[in-house]
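>>> My questions are about this predicted structure, shown below with the sequence.
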Amino acid sequence: MFRERGINEIHSVLKKVDDPELPSVSVLDLGMVHDIHLVGNNVFITMVPTFAGCPALEIIESNVKQAVEDVSWVKVCDVQFTFDYQWSTEAITEHGKNQLKKHGISPPPENYHQGDEWTVECPFCGSDYTSMENVFGPTACRSILYCSACRNPFEAMKPVVSYSKS
Amino acid sequence: MKLVETAEQAKQDPSYLKAVTELIYQLADDDFIISFRGSEWLGLAPHIEEDVAYSSITQNTMGHAVMFYELLEQLGEGKADVLAHERQPKDRKNGCYLEKRNGEGAYHGEPYFDWALAVVRNYFYETFKQIKLEAISDGSYKPLANVAKKALMEQTYHLAHWKMWMKQLQKSTDEAQERMELRIVEAWDEFGDVLELGDCAEDMQRHAIITSSEELKGKWLQEVTNTITNVPNKPLKQIYGNGRNGEHTVDLEQALETFAEVYNSDKTAIW
């Protein structure tokens, strides 16, 4: 019973640990938390990194550790990144997608297959009359686009899915 | 095929350990040096969108190098930071062509770098990396196969980017076509060792960590010759020697000196 309550509590804490560059988008909503495990009063969290070269990973790791260790009954929180499971943009929750839009970032397309073309709707006006300016954006996970309907530049999460041989 | 699930398991078989360690050094050192050369283009790319794209690719690729150095750390080779910063040129396994300077001049001076070299080098390299990672993702060393799968998710974007430049510049102005052709012919003499797997190649294949270098090379040639307008009519060579055996040029010394300058100034600093 305690165990279940404990995991739920850690879960709610992680809902408040945001991506360092995207306040209000939590690591949980980004799909980065793979597993929460309790051993007595110690918490073990396994996370999956988004992009391999993302410089924010260490900050995320220490923010998660800090937030969990601030819970009164937690003694130590250990955070590990694993490559045994691959993160994909499919892992982002509905809530996460809505929060991304508030930052002017369109969420990634659903059911995307590697190599397919994809349409991105403007996060401001919802139009699909948009064009890709640069598939590479200010961070590894984002692209730069332009909306011809409302004439705003915006960003989009680029689809990243498991590699399948063509 | 017998899967090897962990580093501890790999350490039980000395011949397996040697083969897998050797392959990961090649992957790590290749990604490391090409992203160092890529980072020297920061602020110098032909236009601002390209600057964003190239530095993003470079950052990802350096991230791939870090994953490979960490796999080596797990295999008992020492700390990832030390492996990246402190190894002497003779211990480095990257292909020689990848360490070549970006052109005339230097980053902190008069950088007369050559974009045709950047495009040809990155396209040739990323094409081979894609083929190699695909082979490894089916391989017997599970931790490495997982890292390869991770890298492949990003690799598609990198390769598509350089292929686009290859196609566009080869159809562009006379000057562009000429300069591209010059670099392609040059690469034909210098790229050879990048396609090699070194002395342990047979063991790598026997242990099903990766397929044969002949197969990899064949796939690379097929892809690259489809994209090049005028394929050089001569065999591929490696005029600088074989980087897989620790043979390197002075360009690698220059790169390492620059890369490790801050690190060497205070090795105990915490970042």
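Cool, the structure landed.
>>> Quick one: the helices in the chain, in order.
Reading this off chain A. According to DSSP state H, chain A carries its helices in the segments A:2-14, A:57-69, A:94-102.
>>> think we crossed wires, I meant chain B
When secondary structure is read from DSSP H, chain B shows helices at B:7-10, B:14-39, B:48-74, B:80-86, B:115-137, B:142-170, B:174-190, B:201-206, B:213-227, B:250-259, B:261-265.
>>> Are there helices or strands packed against the first one, and which ones?
Right, helix B:7-10. On a contact count with 3 or more C-beta pairs under 8 Å, 6 or more residues apart in numbering or on different chains; DSSP states H and E, helix B:7-10 meets helix B:14-39. Quick note: C-beta positions are derived from backbone N, CA and C, even for glycine.
>>> quick one: buried residues of the helix it packs on?
Along helix B:14-39, the positions that meet the burial threshold by neighbour count (16 or more other C-beta atoms under 10 Å in any protein chain shown) are B:16-39.
>>> To A:Asn98, which of the helices of chain B lies closest?
When those are compared by C-beta to C-beta, helix B:142-170 sits nearest A:Asn98, at 24.4 Å.
>>> Tell me which other helices or strands the closest one touches.
Counting contacts by 3+ C-beta pairs under 8 Å, 6+ apart, helix B:142-170 is packed against helix B:14-39, helix B:48-74, helix B:115-137, helix B:174-190, helix B:213-227.
>>> Out of those, which gets nearest to chain A?
Each of the helices and strands packed on helix B:142-170 was scored for nearness to chain A using C-beta to the nearest C-beta, and the closest is helix B:48-74 (2.4 Å).
>>> what is the orientation angle of the closest one with helix A:57-69?
Helix B:48-74 and helix A:57-69 are oriented at 60 degrees to each other (axes from the mean of the first three to the mean of the last three C-alpha atoms, to 10 degrees).
>>> Helix B:48-74 near chain A at all?
Yes: using C-beta under 8 Å from any C-beta of the partner chain, helix B:48-74 comes into contact with chain A via B:49, B:52-53, B:56-57, B:59-64, B:66-67.
>>> For the residue in chain A that chain B sits nearest to, give me its contacts.
Evaluated by C-beta to the nearest C-beta, chain A has A:Gly53 as its residue closest to chain B, separated by 2.4 Å. When the contact criterion is C-beta atoms under 8 Å, 6 or more residues apart in numbering or on different chains, the partners of A:Gly53 are A:140, B:59-64, B:66.
>>> so what's it scoring on pLDDT?
Taken from the predicted model, the pLDDT recorded for A:Gly53 is 75.
>>> what does the one 4 residues further on give?
At A:Leu57, the pLDDT value in this model is 88.
>>> do the one 3 residues further on as well
Confidence per residue is given as pLDDT, and for A:Ile60 that number is 95.
>>> The residue positioned nearest the centre of chain B: what's its closest spatial neighbour, skipping adjacent residues?
Closest to where the C-alpha atoms of chain B average out (C-alpha atoms, centre = their mean) is B:Asp30, at 3.0 Å. Distances taken as C-beta to C-beta, 6 or more residues apart in numbering or on different chains put B:Asn94 closest to B:Asp30, at 4.8 Å, once the chain neighbours are dropped.
>>> Any stretches of chain A with poor pLDDT?
For chain A, the stretches with pLDDT under 70 are A:1, A:165-166.
>>> and the gap between B:Glu214 and A:Ile7?
According to C-beta to C-beta, to the nearest Å, B:Glu214 stands 52 Å off from A:Ile7.
>>> do B:Glu126 as well
Here the criterion is C-beta to C-beta. By it, B:Glu126 lies 42 Å from A:Ile7.
>>> Give me the more crowded residue out of these two.
Set side by side, B:Glu126 and A:Ile7 show unequal neighbour counts under other C-beta atoms under 10 Å in any protein chain shown, the larger going to B:Glu126 at 21 against 13.
>>> Return the residues of chain A in contact with chain B.
Within reach of chain B by C-beta under 8 Å from any C-beta, chain A has these residues: A:49, A:51-55, A:83-84, A:86, A:88, A:114-115, A:133-140, A:144, A:158, A:160-163, A:165.
>>> Tell me which entries of those residues lie within strands.
Under the assignment DSSP state E, the residues of chain A next to chain B contribute A:133-134, A:144 to strands.
>>> contacting residues around B:Gln9?
When contacts are counted by C-beta under 8 Å, 6+ apart, B:Gln9 is found next to no other residue.
>>> distance of it from B:His248?
Relative to B:His248, B:Gln9 is positioned 33 Å away (criterion: C-beta to C-beta).
>>> Equivalent analysis for A:His34, please.
40 Å.
>>> Switch the residues of helix B:48-74 next to chain A over to a markdown table; also include neighbour count and pLDDT.
Putting the residues of helix B:48-74 next to chain A into a markdown table (neighbours: other C-beta atoms under 10 Å in any protein chain shown; pLDDT from 0 to 100) gives the following:
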| residue | neighbour count | pLDDT |
| --- | --- | --- |
| B:Glu49 | 14 | 92 |
| B:Val52 | 18 | 94 |
| B:Ala53 | 22 | 96 |
| B:Ser56 | 26 | 94 |
| B:Ile57 | 25 | 95 |
| B:Gln59 | 20 | 93 |
| B:Asn60 | 23 | 93 |
| B:Thr61 | 28 | 96 |
| B:Met62 | 20 | 95 |
| B:Gly63 | 22 | 93 |
| B:His64 | 26 | 96 |
| B:Val66 | 19 | 95 |
| B:Met67 | 24 | 94 |
